[in-house]
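**Student:** Kindly generate the corresponding structure for this input.
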Amino acid sequence: MSFAGAIRSALRQYVTFRGRAGRPEFWWWYLCTVLVNIVTTTVDKLTDATIGINFVSTVVSLCLLVPTLAVSVRRLHDSNLSGWWLLAPIGTAIVGLGLIVAGIGALIVPAFLENAPDGSRLALVLFAAAGLVLLASVVLDLILMLRRSTPGTNRFGPQPGTPSQDPPTGSLGHPSHYASSSLNPARDATDMSGPGWPSARDRHSSHRPW
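**Tutor:** So this is what the prediction gives:
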């Protein structure tokens, strides 16, 4: 899948959490979000003196949040994993952020309490643990998103990019006579002997010279 094709697929399935998405689709979309964030951050920096807030990047990030979650869930489906696995790296990252907040608290609390022990060592331990947990979150997310696609059809649907196996259809959406003859010659040979078709004797006599 190309870069443009991945973007079209992700936007077309903006809130679709069913089905599957291959690795190219996910990583092309991820690159797109990174590039968009760079552009919007640059725009905010240029307009910071006028507006005073990161308005553009905030709005765009919120708009890209839902399709990013959707394509992430479909990427997990592609490797035959439930979409709930997405909570594993997110939950790990939340724990890491909680450790950072606890470390900041360990530094601030002694400043307001006279007899409180120095919390610098505890804060250092909490910050180190937070760094390890956040790193584990990134590694876990990479492992989940880099898993190989399940060949063929799994419980979430057919493999992305698999050509349709439906027979050719006629002008009204029904299988055409030529499609059925190419798929089941024996049936067509039987149908030719039914009403409306000349018998074998008539077909033989039609080839006689006049």
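**Student:** going forward, measure contacts between C-alpha atoms and count neighbours the same way
**Tutor:** OK.
**Student:** neighbours of Gly161, just the number please.
**Tutor:** Neighbour count for Gly161, taken as other Cα atoms under 10 Å: 9.
**Student:** I'd assumed it was in a strand, is it?
**Tutor:** No: counting by DSSP: H, G, I helix; E, B strand; the rest coil, Gly161 is not part of a strand but coil.
**Student:** which helices and strands does the helix or strand hosting Ile90 pack with?
**Tutor:** Ile90 belongs to helix 87-112 when elements are defined using DSSP states H and E. Counting contacts by 3 or more Cα pairs under 8 Å, 6 or more residues apart in numbering; DSSP states H and E, helix 87-112 is packed against helix 120-145.
**Student:** Report the buried residues of the helix it packs on.
**Tutor:** Within helix 120-145, the residues scored as buried using 16 or more other Cα atoms under 10 Å are 122-124, 126-127, 129-131, 133-137, 140-141, 144-145.
**Student:** do the same with stretch 41-48
**Tutor:** 41, 44.
**Student:** quick one: contacts for the residue nearest the centre of the chain?
**Tutor:** Residue closest to the mean C-alpha point of the chain, counted by Cα atoms, centre = their mean, is Val71 at 2.1 Å. Counting by Cα atoms under 8 Å, 6 or more residues apart in numbering, Val71 makes contact with 10, 17, 21, 26.
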